[in-house]
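**Student:** sequence and predicted model, in that order:
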Amino acid sequence: MHWCRVSAVVVLGLGVAGCAHGNIRSVASYHPPPPPHVKQSLFDPYAPYGSTPAVWRPALASRAGTIVKPNDPVDQADRPSYETSAWSIDQKAAKAGTF
């Protein structure tokens, strides 16, 4: 039983000896790098969930059976208008004589 106590003390001593080295320091000695700049100056990373005034509109289905994404000028500004092109399903369905 004597060797059991000795081994327990040795293991405990090794565990505590790891705390005596330079890997632990006070909060006052810690200087983190500055945060990166944010493109959006009004962005608040600490804002509560759901507090952003975002307007969401669901996608709709047209009479031709296609899914129509709502117009969003942020991501659709440089996109060509495929919906109004001559070969689109909407234009083909609008021709006379089609059902």
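**Tutor:** All right, it came through fine. Numbers count the residues shown, from 1 in each chain.
**Student:** please identify the buried residues of the helix ranked longest in the chain?
**Tutor:** For the chain, the helix with the greatest residue count under DSSP state H is helix 2-17. For helix 2-17, the neighbour count (16 or more other CB atoms under 10 Å) marks no residue as buried. Yep, even glycine has a C-beta here, placed from its N, CA and C like the rest.
**Student:** what's the first helix or strand after it?
**Tutor:** strand 60-61 (DSSP states H and E).
**Student:** note down every partner strand of whichever helix or strand comes after that following strand and its orientation.
**Tutor:** Following strand 60-61 in sequence order, the next helix or strand is strand 67-68 (DSSP H and E). Strand 67-68 sits in its sheet next to strand 60-61 (antiparallel), going by DSSP bridges.
**Student:** what average pLDDT does the partner strand get?
**Tutor:** Here strand 60-61 scores 86 as its mean pLDDT.
**Student:** any idea which residue sits dead centre in this protein?
**Tutor:** The centroid of the chain falls nearest to P45 when counting by CA atoms, centre = their mean (11.4 Å).
**Student:** and the pLDDT for it?
**Tutor:** pLDDT, P45: 76.
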